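**Student:** Sequence and predicted structure below; questions after.
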Amino acid sequence: MSSSTSRNQQQKHQESTEDVDVEMGSGGDCVRERLPPIDFNLDRYPYCIVWTPIPVLTWILPFIGHMGICMSNGVIRDFAGPYVVTEDNMAFGRPTRYLRLHPKHVQGGSDAWDEGVSKASILYGTRTHNLFCDNCHSHVATALCNMYYKERSSWNMIILCFWMFGCGRFVSIWAFIKTWLPFAILLTIVALLAVYF
């Protein structure tokens, strides 16, 4: 293995592993605890919201896509359709973007995180899917409200849509291209039609 490949792997590992302060005991002492690393090859995104484009819809409006939320072990849960919450099988393919969250913002840590995601998944397994008001974004918002993430119970699909669009990271260059190339082609065609017709 070349030194540049080894360096790239170390850098990726450092980027995907972050420190979290965890209070231990009643004295308020903080201990550094590492978040589990993200594994892009196995689609494991611990404590993340993940996103993937929806064909045609994302080509026209690139901030709209399909969203899921991950358990503390990285397993993806997403509201894929009426009465269906999938596990590790996102409705529109592998994640192209992710937003890393922190269990330190959840009272109860990892257990409360997993419980919040599980309760939202059970609830949405009993619901029909509506593109405009009860969808995959609503499932993620419900999970965050259940765990009272950042001491908020007002998470909603609009906040999550723009939070992911503004702060989400692409999993690779190919993921960036998959998200933006169709929109760029469509925009170019519209611009050419406007200029020449």
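**Tutor:** Alright, I've got the coordinates.

**Student:** Just the buried residues of stretch 66-77, please?
**Tutor:** Buried residues in stretch 66-77, counted by 16 or more other Cβ atoms under 10 Å: His66, Met67, Gly68, Ile69, Cys70, Met71, Ser72, Gly74, Val75, Ile76, Arg77. Bear in mind the C-beta positions are built from the backbone N, C-alpha and C, glycine included.

**Student:** hang on, I meant stretch 34-47
**Tutor:** Residues Leu35, Pro36, Pro37, Ile38, Phe40, Asp43, Arg44, Tyr45, Pro46, Tyr47 are the ones in stretch 34-47 that count as buried (16+ other Cβ under 10 Å).

**Student:** Same question for stretch 155-165.
**Tutor:** Within stretch 155-165, the residues that count as buried by 16+ other Cβ under 10 Å are Trp155, Met157, Leu160, Cys161, Met164.

**Student:** Just the C-alphas of the helix or strand hosting the fourth one, formatted as PDB.
**Tutor:** The secondary structure element spanning Cys161 is helix 157-167 (assigned by DSSP states H and E). What follows is helix 157-167 as a C-alpha-only set of coordinates in PDB (Å, rounded to 0.1, in the frame of the first residue of the first chain):
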ATOM      1  CA  MET A 157     -39.500  18.700   7.800                       C
ATOM      2  CA  ILE A 158     -38.800  22.300   6.700                       C
ATOM      3  CA  ILE A 159     -36.000  22.800   9.300                       C
ATOM      4  CA  LEU A 160     -34.500  19.500   8.400                       C
ATOM      5  CA  CYS A 161     -34.700  20.100   4.700                       C
ATOM      6  CA  PHE A 162     -32.700  23.300   4.900                       C
ATOM      7  CA  TRP A 163     -30.400  22.100   7.600                       C
ATOM      8  CA  MET A 164     -29.300  19.100   5.400                       C
ATOM      9  CA  PHE A 165     -29.100  21.300   2.300                       C
ATOM     10  CA  GLY A 166     -26.900  23.900   4.100                       C
ATOM     11  CA  CYS A 167     -24.800  21.800   6.500                       C
END
